[in-house]
Structure formats: structure tokens, C-alpha cells
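J.: Quick one, structure for this:
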Amino acid sequence: MSAALVSLMAFSSLPTDANGEVQQRRATGAYMNSLYDRIPPMMKLLTEANGEQFFAAQGSYGVQPPAAPNWDQNWTRFGVPSTGAGNSWPAVDRANVTDIFMVTDNFSGPPAYTSQGPDPDPSVGGPIPWRVAEGQSTVWAGMFTVVVSSHEENTSGQPNYWIYEGWSDGGKLFDEATGAGSSRDFAAWRERTTTQFNYTGWFDNLVKRVRENVPDAASRIKLIPVARTMVSVMENTPASTLSADDWFADDAPHGHDTLHLLAAMIVYSTIFEETAPRPDVSGLDVNGVFMDNYDEIASHVFEVVTPYIGS
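T.: This next block holds a predicted model:
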């Protein structure tokens, strides 16, 4: 077991209520992008399927922590799909937020893409690509530290901070418009999204660094292992029969409903510490093979994320 994983597990305490039980009512906010913005509607379906849970969501695009304690001045309501999963969200008062999600730059790092091409050895202190293009430089650990510190200073509660492990850019591996790709290119993308450039290790180190920077909140700063769990499902469950274009809609790669549901299952199992229930996906375009094998896939997701929730 890696030292980074041991470090993560050492701080794997779960959000609990006054009775020491995992919180079933979550009011969440996210510093997000299009890797995350379709996850809350799917989370709504999962919590409704459970029947005893509540999930409210609010967020803003980009990582720009509010300077003032009034969250509503800085955050907007989530946009939701025009069809399918729901069309309204309860508002979230910043003072009552239980969970904050932090998402790294959209698709491009790590591996970090600079003006000279991909950085062969990205680190927690690597540049944010779009800021580099503007002649600026900053670091992810520093940005997330500011997010956590800002909320710690301006809330009376003790929110949980989740670093959301996104997936890597599809680059030239997938068709720009459809997300289609050969089996070889799909395999190359999965490698890029897990082991290449120490991708998942980068996120492990990011969590460790932010915990070091904000020690008073360290036990509440955790990883949601989306990318590594997603690839494991793609390779080790009946979903391995799905092709790249079954999952992806373009070369970013943005996902179809099947991918968004899988990512939400990973979030759900991590924050609620249980296997994701079978949701009502009527009105959504979720792959039939995925739903036919939903229980097995959900069990696999829970197995992979278990080390990150301390079970």
C-alpha cells in the first residue's frame, strides 16, 4: 500500500450527525466545471431511490472562493437538464452547507498542458493551463487551501471538503463530435486517466498537501476517487463491453447519461458510505447493459471506494 493511500486512510473519518451516524441530509456547494455539473441531478435520483436521504446542490463555475460570508452573492443555482432528471433544486444557504466539492481545471490537468505541450511530470504545484495561456501562474494546492480557509473563517459549522478526482482529456484519442474511438485508443485513455503521469497519485498528493495547509480541517478534507473507480468499472465489470462512444459524447470527453450516472454512484458511495441504490432512469439515455448489470456495478463501485471512506 502506498504511503499516499495510507495517509488518505488515516484521515478517512466520515461526516456524521450528533448521534455519530453518517449524515443523510446534505446541502452541498461546488467549485465546479463540466466534469461535475451533471452529477447533482443524478445524485438527486439516487437519494430519492434510497428514500431516506436529501441532497441539495448549488455551485459556481471555476475555483474562485467567496471573499464575503454571504454565499448567495457569489454562487448560482445549478443548471439542470431540459429533460430527464428533475428541474428544480432547493436553495443552499452558505451557513448550512454540509459538503463542499472542489474540482480541478476542466479535463486538462493532470497531466498539465502548458504552452509547450504536456508536462511530463506534473505536480500538485503544477500550473493551471488556461491561466498559463493568460501569462499567469498558480497552484492547485494553494487554490484549494484558500477555498477551505475561506469557508472555515466564514461558517459556524464544520463542512466536509471533497476533492473531486476528474478524468483526463480525450485529446486525439476520440472523435471530436461523437466521442467514438478504437478499442486501442480507449485503452490508452484509461491508462492516461489512472497510471500515466502518476495521475491518481497527483490527486492523492493534492489531498495530502491541502490537509497540511489547513490542519484544523484535515479530517474533513477527503478525496472522491472518481477517475480510478470509473476506469475500474470500465475494465472489471460487465460494463467492460461498452465502447468509448457508449460512454462519451465528444473528445473532451463529456459523457452521456451512463457516464454521469456512474460518476454520481461513485460520489454517492463515498459520501454516504453505502452501495448506490438503483435509480429511476426513465427519461434518461442510460445504456441497457449498464442497467441490466447495475447491482454488480454498484457493488464494485462501493468496493473500490471503501478504502477512501474508512470502512
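J.: Whichever strand or helix holds residue 199: which residues count as buried?
T.: For residue 199, the host element (DSSP states H and E) is helix 199-213. Buried residues in helix 199-213, counted by 16 or more other CB atoms under 10 Å: 199-200, 202-211, 213. Glycine gets a C-beta too; all of them are placed from N, C-alpha and C.
J.: Report all helices and strands that it contacts.
T.: Where contact means 3 or more CB pairs under 8 Å, 6 or more residues apart in numbering; DSSP states H and E, helix 199-213 is packed against helix 3-10, helix 140-154, strand 160-164, helix 183-194, strand 221-224, helix 226-236.
J.: can you put these in a markdown table and add mean neighbour count?
T.: Shown next, in a markdown table, are the helices and strands packed on helix 199-213 (neighbours: other CB atoms under 10 Å):
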| stretch | mean neighbour count |
| --- | --- |
| helix 3-10 | 14 |
| helix 140-154 | 19 |
| strand 160-164 | 23 |
| helix 183-194 | 18 |
| strand 221-224 | 26 |
| helix 226-236 | 21 |
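J.: Out of these, which is closest to residue 251?
T.: helix 183-194 (9.9 Å; CB to CB).
J.: show me the contacts for residue 262.
T.: Contacts of residue 262 were listed using CB atoms under 8 Å, 6 or more residues apart in numbering, and they are 230, 233, 239, 290, 297, 301.
J.: quick one on the thing from earlier: save the helices and strands packed on helix 199-213 as a markdown table, and put in mean pLDDT and distance to residue 35 too.
T.: Formatted as a markdown table, the helices and strands packed on helix 199-213 follow (pLDDT from 0 to 100; distance: least, CB to CB, whole Å):
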| stretch | mean pLDDT | distance to residue 35 |
| --- | --- | --- |
| helix 3-10 | 30 | 21 |
| helix 140-154 | 83 | 14 |
| strand 160-164 | 95 | 7 |
| helix 183-194 | 92 | 12 |
| strand 221-224 | 96 | 11 |
| helix 226-236 | 97 | 8 |
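J.: can you map out the strands along the protein?
T.: For the chain, the strands defined by DSSP state E cover 25-32, 54-61, 76-77, 99-103, 113-114, 117-118, 160-164, 221-224.
J.: nearest to residue 45, of the buried residues of helix 199-213?
T.: residue 203 (26.3 Å).
J.: Any stretches of the stretch 151-300 of the chain with poor pLDDT?
T.: In the predicted model of the stretch 151-300 of the chain, no residue satisfies pLDDT under 70.
J.: before we move on, the earlier item: now the buried residues of helix 199-213 in JSON lines, with distance to residue 226?
T.: Conversion of the buried residues of helix 199-213 to JSON lines gives the following (distance: CB to CB, whole Å):
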{"residue": "199", "distance to residue 226": "12"}
{"residue": "200", "distance to residue 226": "10"}
{"residue": "202", "distance to residue 226": "13"}
{"residue": "203", "distance to residue 226": "9"}
{"residue": "204", "distance to residue 226": "13"}
{"residue": "205", "distance to residue 226": "16"}
{"residue": "206", "distance to residue 226": "13"}
{"residue": "207", "distance to residue 226": "13"}
{"residue": "208", "distance to residue 226": "18"}
{"residue": "209", "distance to residue 226": "19"}
{"residue": "210", "distance to residue 226": "17"}
{"residue": "211", "distance to residue 226": "19"}
{"residue": "213", "distance to residue 226": "23"}
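J.: Which single one of those residues is nearest to residue 273?
T.: Checking the buried residues of helix 199-213 one by one against residue 273 (CB to CB), the nearest turns out to be residue 207, at 17.8 Å.
J.: tell me the contacts of the closest one?
T.: 8, 163, 221-223.
J.: Flag every buried residue along stretch 284-292.
T.: 284, 286-287, 289-291.
J.: got it, and stretch 26-35?
T.: So for stretch 26-35, counting by 16+ other CB under 10 Å, buried means 26-33, 35.
J.: Can you name the two of the buried residues of helix 199-213 that sit furthest apart?
T.: 199 and 213 (21.9 Å).
J.: so what's residue 36 up against?
T.: 30, 59, 101, 103, 164, 166.
J.: do you know how far it is from residue 22?
T.: 22 Å (CB to CB, to the nearest Å).
J.: Check residue 53 too.
T.: Applying CB to CB to residue 53 and residue 22 gives a distance of 10 Å.
J.: can you check residue 267 too?
T.: 14 Å.
J.: Which of those two has more residues huddled nearby?
T.: Neighbour totals were compared for residue 267 and residue 22, and residue 267 leads with 28 against 14 (other CB atoms under 10 Å).
J.: For the residue nearest in space to the middle of the chain, which non-adjacent residue is closest in space?
T.: Centroid-nearest residue in the chain, with CA atoms, centre = their mean: residue 164, separated by 3.2 Å. Nearest non-adjacent residue to residue 164, counting by CB to CB, 6 or more residues apart in numbering: residue 103, 4.6 Å away.
J.: Understood, closing this out.
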